[in-house]
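Undergrad: attaching a predicted model along with its sequence, questions to come.
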Number of protein chains: 4
Amino acid sequence: MKALIYQGPGKKSLEERPTPTIQRATDAIVKIIKTTICGTDLHILKGDVPTCQPGRILGHEGVGIVDKVGEGVTTLKVGDHVLISCITSDGKCEYCKQGMYSHCLDGGWILGHKIDGTQAEYVRIPHADNSLYKLPQGIDYNAIVMLSDILPTGFECGVLNGQIQPGNTVAIVGAGPIGLAALLTAQFYSPSQIIMIDPDHHRLEVAKRLGATAIVNNKNENAVNAVMELTNKRGVDTAIEAVGIPETFVLCEDIVTAGGTIANIGVHGTKADLHLERLWSHNITITTRLVDTVTTSMLLKIVMANKINPTLLISHQFTFDKIIQAYDTFSNAADTKALKVIIDT
Amino acid sequence: MKALIYQGPGKKSLEERPTPTIQRATDAIVKIIKTTICGTDLHILKGDVPTCQPGRILGHEGVGIVDKVGEGVTTLKVGDHVLISCITSDGKCEYCKQGMYSHCLDGGWILGHKIDGTQAEYVRIPHADNSLYKLPQGIDYNAIVMLSDILPTGFECGVLNGQIQPGNTVAIVGAGPIGLAALLTAQFYSPSQIIMIDPDHHRLEVAKRLGATAIVNNKNENAVNAVMELTNKRGVDTAIEAVGIPETFVLCEDIVTAGGTIANIGVHGTKADLHLERLWSHNITITTRLVDTVTTSMLLKIVMANKINPTLLISHQFTFDKIIQAYDTFSNAADTKALKVIIDT
Amino acid sequence: MKALIYQGPGKKSLEERPTPTIQRATDAIVKIIKTTICGTDLHILKGDVPTCQPGRILGHEGVGIVDKVGEGVTTLKVGDHVLISCITSDGKCEYCKQGMYSHCLDGGWILGHKIDGTQAEYVRIPHADNSLYKLPQGIDYNAIVMLSDILPTGFECGVLNGQIQPGNTVAIVGAGPIGLAALLTAQFYSPSQIIMIDPDHHRLEVAKRLGATAIVNNKNENAVNAVMELTNKRGVDTAIEAVGIPETFVLCEDIVTAGGTIANIGVHGTKADLHLERLWSHNITITTRLVDTVTTSMLLKIVMANKINPTLLISHQFTFDKIIQAYDTFSNAADTKALKVIIDT
Amino acid sequence: MKALIYQGPGKKSLEERPTPTIQRATDAIVKIIKTTICGTDLHILKGDVPTCQPGRILGHEGVGIVDKVGEGVTTLKVGDHVLISCITSDGKCEYCKQGMYSHCLDGGWILGHKIDGTQAEYVRIPHADNSLYKLPQGIDYNAIVMLSDILPTGFECGVLNGQIQPGNTVAIVGAGPIGLAALLTAQFYSPSQIIMIDPDHHRLEVAKRLGATAIVNNKNENAVNAVMELTNKRGVDTAIEAVGIPETFVLCEDIVTAGGTIANIGVHGTKADLHLERLWSHNITITTRLVDTVTTSMLLKIVMANKINPTLLISHQFTFDKIIQAYDTFSNAADTKALKVIIDT
């Protein structure tokens, strides 16, 4: 089969590889219908993720058809259409029992990282009963691919951890795909304001179309001042960090109101300053989270009830043989205006 | 009346002052029976609290007898014995309605700070109905004075924010009075381990007597290693910061387990490093809080049911005319082994 | 002034009464702009509420202008436009401190019940700082009158107690004004299904316009079967009882799924059968609640953010001199198709 | 092997049966060390549980040694000492993912009910990884057997659902083993009062020894009056029903305070009256629950930390060949003063 291979920092290639086979009774082999590219894939390609070794098939998102099942798989059968979760869960370790699948002792984020991933014609999924979600007929798979990673990430790490409530005020720092996913899912809870902050004019325009009540371009204006003006000098109840650098985290510290929450989604490569000399008495909560994908079933129901349209996050669509071009498009987002790119196999 | 006056950085004096009078209909005047000294009083005396002006009567803790009430006071009458909360609450602003009395728009921490305090023979208490707690007869007032500040602070900022649950593991960094208050109140929730960390041998011995399951002297040993050994390399579910310096906050970051909580109590004078490059995927929660004293009624019930003995936090007792000596004792805790000191007027 | 007086079971009249005056420092006198009629007013008129004595001015909902304030009122001044809450809260008793204003020791539901109410040109509001909500300029007062009682009742007793979550399934039994208020506010949480059940065809049509995803006429069809069919035999996560008779409560028992919640809003006059022989192992939660109006500020923000349009609940509008006719219209809803009726003074 | 067989209503026998074998890859065979008898076993013997067919080996509690494992079992190996949960969980269905193992689509309460149980020398445990708990060395297995059912039942259905908080008041109706288990575990949360209500003098004496702050014999006195007197006419924050008949459920309705919770544990055979004509405005919560055993790991930690002594629930001990006598003793509790009886195989 064809597969997209990480060849070490800065290098990738589309190559022929053997089709994966069942290794454990709880495995399934899934034939990929659609996959996509994540910011994390770009991190790996930069060499920022040393736990991912050269030779690895990339990708942790996708929709497909069950092609083979191990004899321990009980809830899925060959031919089922399934959503692949970016997080593998064994359903029986201490962490999975608490709903913290991200830290599963025999899973977590392993696809396209520690084991071969979904940017290929076939993928092996361990603990298939707990890591795949059977799809009903007649739904738009472009929408569903957004449920592998980006929507649960925005929702769990940003919206749920951020404790968004009806009538509350929210700021989302970063209008990339993950910030936009937080924007879409924040609206499940009817906040009265969602302020989107980003230096990219185009992304802010998209944000406005997707439901932001105000946009702030922090290349052109002081974001703290702008947020304070929009909130009657009060600051926001929830500040969501969706970038991953110290400056944007500190911005969240500056705009969160007393009693509010900073929900971090960003993947950080370095420490940030925590201004406890001011915040110690500010009654705030800060959360971090690697997505657990515990809300995947809930999100499926919401998508099927048409309460949200995840295809709004998609800017480009490629066939699998053009995946190198898809990577180029996705990694040059400033020029290409790329958000999520769909790859059809 | 006699009162202890802040005279500017490094200076205090016991002086004669006029007895306070009712200024607003919701005020009460309370004749002090007992008061105590808080670490915050020492901060003021060092000049670290610029919002407290010279000439101020210090003190925000105490038990007393209602001496006069304004005509808007409806739940208290002259002669009632009352606990004075360190936090003044008007009961009607946006914050008080949410239970965040610390940020009351017409109150908060004002006693012995922005208005005259309790280290005197009489004190004026604004919003008396919401800021005083009527005491039943026959209880030990030494125990009750601990409910003005230190027990709700340890409980709300450390234990409740720390989400301590039965069977969980807890570390408390700092075995001063506030850390010990967290230690006492943590036991309301039956954690399986409470590890106390401090460089002072005497305070650790006290901690052991008060219920710590293990003690770690971080002057002599590496606290991170010690905690990891005590918890099978897992770290703790809850790390409570009860010191207020960057090093102890970072220690909490190092010992909290995935999915755990860091609850800050310490009053910080400078920023701390937040190691998001490691913690971003660790699913942790960090909280800060100025005590709201929303649990004062609950704590009164618990003390009256003998579920806790707050007098264990008391090391010395003085009469009011010896308050200068009480300050000397309290501020030289390393030598005097002082914890909380009671002052009887 | 003119006022609508309860004259004993079955009798009411529009009479001249003295304008109310300040009785306590915390009172305000409000000149009524708009009021409305509640189902509870009809209960009183039937003689079902013995705590309401003949001679009482009815009404517990309204918007008005502050005309006089007692000297203890600090957050409002003459001329302020205000929303009147149906629940009076003193802000300082044990219950108010817990957010359970419905059980306020010096308040609760007293307006138009134990003290004179809002169906008059002026009304005296005790504990005005805690029981009135200052309104910003430029909002539609017809919408705001719905926040006195009906919207917080539907929201707190039905939606919040019902623990509605994104993607969940909801059934609301009763499509009268209160059921419709639950329907409107349930949508703050993006459930995937809201099934409305009522025997009145017209009200079901209104429900559909207001966001119900399905309607069931339980005069014509078996409601249990219908709900099971709509939910793949699973039943609903939340069943809201908005009628107040045993049959509809038992219907909720029959349609709630394992792990679900029955949230009672209905005012019941008699006991109901609780089928514990089946439900003991069904892991369900049942809640009852007299509205606390703790969410009034939140609802104001949501209305001002245009997340909801409460005027959809209004069917008729009268001037105050026609209030007897307004009562006739409201009490003959089956014929008049009345929902809420606005009365302008 | 020897096994205790349900032979139809009123009949049981100790018989020879074939040793069970692995049927599915996820099964384990456990050699029983200790088992016990549950009130539910008596219900089966009365013929009250039609889903349990004659010929069934009874028993759903026990401690044992893993004797064989299917090839899909990954966390346990032959020779491991294990606690057997009364609830079987597959770890992958909709309900297990939500922590509602009681309703597992391929498990739930099946042991000694729909499949052969633990009152035998060996038992087959389906979904072994999720339904057995590996035990550390050196703990008292008499204590541990109490974790199969009775302690999680008292804790989850009574204490957790009852929302017991520090300082709260609690009444437990029924001082049988299950009520006593609720009594022991309620103390994890430091309530200020626990009132135990039962007609059996001996059981009330045991309750006092186990931590009840007051006892009420409802054969001799009016329990409602007694509770009101003990709580200053307020009633209790939490009323736990641990009997299973209409009278005791209604008693809970009569003693719960406004804003309080009724947590049902009792297995009911008939409906009860729910007095909504009074409770509709009382802001109460009622919960039902079949134990999920989601807290088994937590309880193990607490027992190992010596925060609770479950052996206080044990009154008698038998060898397995005397199991008929054990049943006689347990079912004649009024005479024998039996609580839980241990059976050693």
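TA: That came through, no problem. Residues are numbered from 1 along each chain as shown, chains lettered A, B, ... in the order given.

Undergrad: A:Thr35 reaches A:Ile343, doesn't it?
TA: Yes: in terms of CB atoms under 8 Å, A:Thr35 counts as a neighbour of A:Ile343; the distance is 5.0 Å. Heads up, the C-betas are built off the backbone N, CA and C, glycines and all.

Undergrad: give me the common contacts of those two.
TA: The overlap between the contact sets of A:Thr35 and A:Ile343 (CB atoms under 8 Å, 6 or more residues apart in numbering or on different chains) consists of A:Gln119, A:Phe320.

Undergrad: so those two - more neighbours on which side?
TA: A:Thr35 (31 against 28; other CB atoms under 10 Å in any protein chain shown).

Undergrad: the more buried one: what secondary structure?
TA: Following DSSP: H, G, I helix; E, B strand; the rest coil, A:Thr35 is assigned to strand.

Undergrad: next one, pLDDT for it please.
TA: As predicted, A:Thr35 sits at a pLDDT of 98.

Undergrad: and if you look at the one 3 residues further on?
TA: pLDDT, A:Cys38: 97.

Undergrad: now do A:Gln137
TA: Note for A:Gln137: predicted pLDDT of 87.

Undergrad: contact partners for it?
TA: Counted by CB under 8 Å, 6+ apart, A:Gln137 has contacts A:His81.

Undergrad: what about it, distance to chain D?
TA: 19 Å (CB to the nearest CB, to the nearest Å).

Undergrad: check A:Lys2 too.
TA: A:Lys2 is 32 Å from chain D, by CB to the nearest CB.

Undergrad: am I right that that residue is in contact with A:Thr19?
TA: No: A:Lys2 lies out of contact with A:Thr19 (CB under 8 Å); the separation is 10.5 Å.

Undergrad: need the residues touching each of those two.
TA: A:Glu121.

Undergrad: what's the closest non-adjacent residue to A:Leu313?
TA: Nearest residue to A:Leu313, sequence neighbours excluded (CB to CB, 6 or more residues apart in numbering or on different chains): A:Lys340, at 4.8 Å.

Undergrad: separation between that neighbour and chain B?
TA: For A:Lys340 relative to chain B (CB to the nearest CB), the value is 21 Å.

Undergrad: give me the pLDDT for that residue.
TA: 97.

Undergrad: equivalent analysis for A:Gly107, please.
TA: pLDDT, read off for A:Gly107, is 98.

Undergrad: how much space separates it from A:Tyr101?
TA: According to CB to CB, to the nearest Å, A:Gly107 stands 7 Å off from A:Tyr101.

Undergrad: what about these two, which has more around it?
TA: The residue with more neighbours, out of A:Gly107 and A:Tyr101, is A:Tyr101; 28 against 25, by other CB under 10 Å.

Undergrad: domain parsing for chain A?
TA: A:2-148+A:296-344, A:152-287 (automatic domain parsing).

Undergrad: which of those is buried the deepest?
TA: Comparing those by mean neighbour count (mean count of other CB atoms under 10 Å in any protein chain shown), domain A:152-287 ranks first with a mean of 22.

Undergrad: what's the end-to-end length of that domain?
TA: 16 Å (CA to CA, to the nearest Å).

Undergrad: thinking again about what came up before, which residues are in contact with each of A:Gly107 and A:Tyr101?
TA: Common neighbours of A:Gly107 and A:Tyr101 (CB under 8 Å, 6+ apart) are A:Ile87, A:Thr88, A:Ser89.

Undergrad: name the nearest of those residues relative to chain D.
TA: Closest approach to chain D among the shared contacts of A:Gly107 and A:Tyr101 (CB to the nearest CB): A:Ser89, at 9.0 Å.

Undergrad: distance-wise, check the closest one relative to A:Cys96.
TA: In terms of CB to CB, A:Ser89 sits 5 Å off from A:Cys96.

Undergrad: need the overlap of contacts for the two.
TA: A:Cys104, A:Gly107, A:Asn130.

Undergrad: chain D contacts on chain A?
TA: A:25-26, A:71-72, A:74-75, A:90-94, A:96-97, A:99, A:106, A:129-130, A:294, A:297 (CB under 8 Å from any CB of the partner chain).

Undergrad: which bits of chain A sit near chain C?
TA: Proximity of chain A to chain C (CB under 8 Å from any CB) is limited to residues A:165-167, A:187-190, A:192-193, A:213, A:297-299, A:301-302, A:304-305, A:307.

Undergrad: which of these fall within strands?
TA: A:Gln193 (DSSP state E).

Undergrad: circling back: restrict the shared contacts of A:Ser89 and A:Cys96 to those near chain B?
TA: Of the shared contacts of A:Ser89 and A:Cys96, not one also sits near chain B (CB under 8 Å from any CB).

Undergrad: nearest to A:Ser315 among these?
TA: A:Gly107 (30.8 Å; CB to CB).

Undergrad: residues touching that closest one, list them.
TA: A:Ile87, A:Thr88, A:Ser89, A:Asp90, A:Cys96, A:Tyr101, A:Pro126, A:His127, A:Ser131.

Undergrad: how about a markdown table for those, with distance to D:Gly112 and pLDDT added?
TA: Formatted as a markdown table, the contacts of A:Gly107 follow (distance: CB to CB, whole Å; pLDDT from 0 to 100):
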| residue | distance to D:Gly112 | pLDDT |
| --- | --- | --- |
| A:Ile87 | 36 | 98 |
| A:Thr88 | 35 | 98 |
| A:Ser89 | 30 | 98 |
| A:Asp90 | 28 | 97 |
| A:Cys96 | 27 | 97 |
| A:Tyr101 | 32 | 98 |
| A:Pro126 | 34 | 98 |
| A:His127 | 30 | 98 |
| A:Ser131 | 33 | 98 |
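
Undergrad: all helices for chain A, in order.
TA: A:39-46, A:94-97, A:128-131, A:141-145, A:150-152, A:177-186, A:201-209, A:223-230, A:246-255, A:276-279, A:296-304, A:323-331, A:333-336 (DSSP state H).

Undergrad: nearest to B:Ala120, out of those?
TA: Of all those, helix A:276-279 comes closest under CB to CB, at 30.5 Å.

Undergrad: averaged pLDDT, the closest one. What do you get?
TA: According to the model, helix A:276-279 has a mean pLDDT of 97.

Undergrad: could you do stretch A:210-217 as well?
TA: The pLDDT scores in stretch A:210-217 average 98.

Undergrad: ok, and which of the residues of chain A next to chain C reach chain B?
TA: Near chain B, by the rule CB under 8 Å from any CB, you find none of the residues of chain A next to chain C.

Undergrad: for the closest residue to chain D within chain A, give me the pLDDT.
TA: Ranked by CB to the nearest CB, the top residue of chain A for proximity to chain D is A:Gly91, at 3.8 Å. Reading off the confidence values, A:Gly91 has pLDDT 97.

Undergrad: which ones are touching A:His275?
TA: Counting by CB under 8 Å, 6+ apart, A:His275 has contacts A:Val250, A:Glu253, B:Lys271.

Undergrad: show me what contacts A:Arg124?
TA: A:Pro20, A:Thr21, A:Ile22, A:Gln23, A:Asp27, A:Ala28, A:Ile29, A:Ile115, A:Asp116.

Undergrad: also A:Lys68?
TA: Contacts of A:Lys68 (CB under 8 Å, 6+ apart): A:Thr21, A:Ile22, A:Ala28, A:Ile29, A:Val78.

Undergrad: end-to-end on stretch A:58-78?
TA: 24 Å.

Undergrad: tell me how far that stretch lies from the chain's centre.
TA: 21 Å (CA atoms, centre = their mean, to the nearest Å).

Undergrad: ok, stretch A:3-10 next?
TA: Worked out by CA atoms, centre = their mean, stretch A:3-10 lies 21 Å from the chain centre.
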